[in-house]
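Enquirer: Pasting a predicted model and its sequence here:
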Amino acid sequence: MKQSCPKCKTIIEINEKDYYPGSVVDKQCPLCDTKVSFAIPAKQSAEAADVAKLNEAMAAMQRQIDEMRARAEKSDHDSNSNESQRQLDTMRASNEELRARYAKENEELKAALRDAQRQMNVLQARNEKEKSELKSTLAAAEARAKQAEDSAQNSNSSLGGQQPRAVEPPKRKWWLWCVLGAVVVLLSSVLLFGNKDKNERDVRLENSKEFEPVVPDIKVKDAQGNETFTIGDVQFTMVYVEGGTFTMGCTGEQGGECYSYEKPSHSVTLSDYKIGETEVTQALWRVVMGTTIREQASKGTWSQDLRGEGDNYPMYYISYEDVETFIRKLNAMTGRRFRMPTEAEWEYAARGGRKSRGYKYAGSNTLGDVAWYDGNSGSAPHPVKTKVANELGLYDMSGNVWEWCSDWYDSYSSGSQSNPKGPGSGSYRVIRGGSWFSVAGHCRVSNRLRYTPSFRYNYLGFRLALQIEVEQSNLETPEQTKTKSEVGKTNPKGKEIPAKPTTKTKQKEEDASNAVAIHTESKMGFDIIAGFYLNKETAQEMCFALKRQGCDAYVIEKNGLFYVSMGSADSRTAAEKKYWHIKEWYTGDISIKKF
């Protein structure tokens, strides 16, 4: 520890380890004999030291924010002032993150203390219970001893004082006890390991239980090309988005609030597609996945607290990998090609597509009209469709929950692009739109962030996109069109010209002929089901692909659905054996169903 003499400024140094913590040590200056006092600091616990460091960092951060604010007030609102404002926003966001982290650590410490207190209370209660049981046992033993003594006295008196003849105890057969002990040990082992194996098998067969699928109902498209789907008691709408060209990234309406990762702006051209009217709700997640928000919250990365629960609330605690699983199951139910929107599709839809009015947020320049964010959310998400929609009729594109996009995260390039899908690989996936926890700047239509694909948190959800099915007429070659136009005409000899099958048509007919016929009943009763579909052709294609992998697959038609079976068995046990045999090479979702 060093300190300068207040009179001659001579540096005096001592070793604080030589003195007691918290004491005051006086030393004389070797030049002017002035007394110099050293205050030896007291020791702190590791937690207190961490808190002190955190408070010092927060104080330093606050000083930097005050300096930036003062510098921004003195600026002339030129480009430098905009940069200062962005830096100020960044510092403020960092400060908020530090405060949130401190509050979270404080809550975790409190929770740990509460758990320790509960465990202590349980141990004390158990100790008291054991004491009371021991006292009652001793009291009962004393009572029995007293009763035996009284009985002995009564017997002596009835015999006239003569001692009763001693009765020899029966001879114990030690070998019988050994056999009984061995039997007990054997039964315990069987029960223990048998239950363990049964539990493991039950867990692994969780997805193989018999199920009754929810038949989806696809309503007729409306005049705008939107489609409404009904699965069970849940409806959701996919909104048609007409393709076009737009400027993606930092544009003029953002008012100089863009971050560096929103630049450079660039031209993007997109084809038609459809996107969810709302974020995926908890009700839709339940009917597709069979789980609830409480079960999903238990898988959270940093926390497991519930922020909003109900059928119309957006689903959250969703990772990118969870979205992929959801989409696979939804596509199997509907026979359609649902997917996540690309980042370009998401921004184009948020801006309003061809109907865009150039708003800063999705649907308005006033964020509170269209979004739930940290300024009005009350620290929780809200039911969907409770704010104003944007120009395309899409809700909550700004705020409520962050939404996953299909792209790997990467920096922008300045070149024009057509239907971009992002880089081929990466470490982070893109999220868009902001959430109930976000500041206003994060809810802008051009803002972008990133997370690892396995990350789950209470402000992460998603929105669906739908691939538009291309009509067959749009894929015809000029030769096919010519052939089609000649059908029905006659040649010079008066005979009708038949249609010429194309190579693709021949291949499709060959594939169909190779596919097994449609069955109305199971071959043996219990089947390993790889999926079910609304149309026969899709089921046949799936079945044919499995047959090419060496699987004895066939299609079963029941109640208007086409089930793809990978094999059949005459009992549940045999079906489970076949199930695990298939699982050794097949990576898709399969289940056991009894027909």
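Expert: Good, I have the coordinates.
Enquirer: Report the contact partners of Lys594.
Expert: Contacts for Lys594 (CB atoms under 8 Å, 6 or more residues apart in numbering) come out as Glu210, Ser522, Gly525, Phe526, Asp527, Arg572. Yep, even glycine has a C-beta here, placed from its N, CA and C like the rest.
Enquirer: buried subset of these?
Expert: Listed as buried from the contacts of Lys594 are Ser522, Gly525, Phe526, Asp527; burial here means 16 or more other CB atoms under 10 Å.
Enquirer: From the residues you listed, which one has the minimum pLDDT?
Expert: Across the set of the buried ones among the contacts of Lys594, Ser522 stands lowest in pLDDT, at 81.
Enquirer: Which helix or strand contains that residue?
Expert: Ser522 is part of no helix or strand when elements are defined by DSSP states H and E.
Enquirer: That one and Phe229, how far apart?
Expert: Ser522 sits 29 Å away from Phe229, going by CB to CB, to the nearest Å.
Enquirer: How many neighbouring residues does Trp585 have?
Expert: Neighbour count of Trp585, defined by other CB atoms under 10 Å: 9.
Enquirer: related to what we said a few turns ago, which members of the contacts of Lys594 are positioned in helices?
Expert: Residues of the contacts of Lys594 located in helices (DSSP state H): Arg572.
Enquirer: Tell me how far His382 lies from Asn312.
Expert: Between His382 and Asn312 the computed distance is 9 Å (CB to CB).
Enquirer: Give me the distance between Ser454 and Ser319.
Expert: When CB to CB is the yardstick, Ser454 and Ser319 sit 5 Å from each other.
Enquirer: Which of these two has more residues huddled nearby?
Expert: Just comparing Ser454 and Ser319: by other CB under 10 Å the higher neighbour count belongs to Ser319, 23 against 12.
Enquirer: need the contact list for the residue lying closest to that one once chain neighbours are set aside.
Expert: Using CB to CB, 6 or more residues apart in numbering and skipping the chain neighbours, the partner closest in space to Ser319 is Arg456 (4.7 Å). Arg456 is in contact with Gln296, Lys299, Gly300, Thr301, Tyr317, Ile318, Ser319, Asp322, counting by CB under 8 Å, 6+ apart.
Enquirer: and the residues you listed, which are buried?
Expert: Among these, those classed as buried by 16+ other CB under 10 Å are Gln296, Gly300, Tyr317, Ile318, Ser319, Asp322.
Enquirer: circling back: His382 and Asn312: who's more crowded?
Expert: Using other CB under 10 Å as the criterion, His382 and Asn312 rank with His382 on top: 23 against 14.
Enquirer: give me the number of residues near Tyr554?
Expert: Using other CB under 10 Å, Tyr554 has 23 other residues around it.
Enquirer: wait, it sits on Phe544?
Expert: No - contact criterion CB atoms under 8 Å: Tyr554 and Phe544 do not qualify, at 10.7 Å.
Enquirer: Please identify the helix or strand for the residue lying closest to Asn400 once chain neighbours are set aside.
Expert: Nearest residue to Asn400, sequence neighbours excluded (CB to CB, 6+ apart): Trp372, at 4.9 Å. For Trp372, there is no host helix or strand (DSSP H and E).
Enquirer: how many other residues sit next to Trp372?
Expert: Trp372 has 30 neighbouring residues, counting by other CB under 10 Å.
Enquirer: follow-up on the earlier one: what's the separation between the residue nearest to Ser319 and Thr230?
Expert: Computed as CB to CB, the Arg456 to Thr230 distance reads 28 Å.
Enquirer: One more: Ser406?
Expert: Distance, Ser406 to Thr230, by CB to CB: 26 Å.
Enquirer: do Asn400 as well
Expert: 23 Å.
Enquirer: Of the two, which one has the most company?
Expert: Comparing Asn400 with Thr230 by neighbour count (other CB under 10 Å), the higher total belongs to Asn400, at 32 against 15.
Enquirer: what about that one, which helix or strand?
Expert: Per DSSP H and E, Asn400 falls between elements, in no helix or strand.
Enquirer: mind checking pLDDT for the closest residue to Leu270 other than its chain neighbours?
Expert: Distances taken as CB to CB, 6+ apart place Gly243 nearest to Leu270, at 4.6 Å, with adjacent residues excluded. Note for Gly243: predicted pLDDT of 94.
Enquirer: correct me, but Gly243 touches Ser271?
Expert: Yes - between Gly243 and Ser271 there is a contact under CB under 8 Å: 4.5 Å.
Enquirer: all helices for the protein, in order.
Expert: 46-74, 79-158, 174-204, 282-289, 293-297, 320-334, 343-351, 367-370, 478-486, 503-514, 536-548, 572-583.
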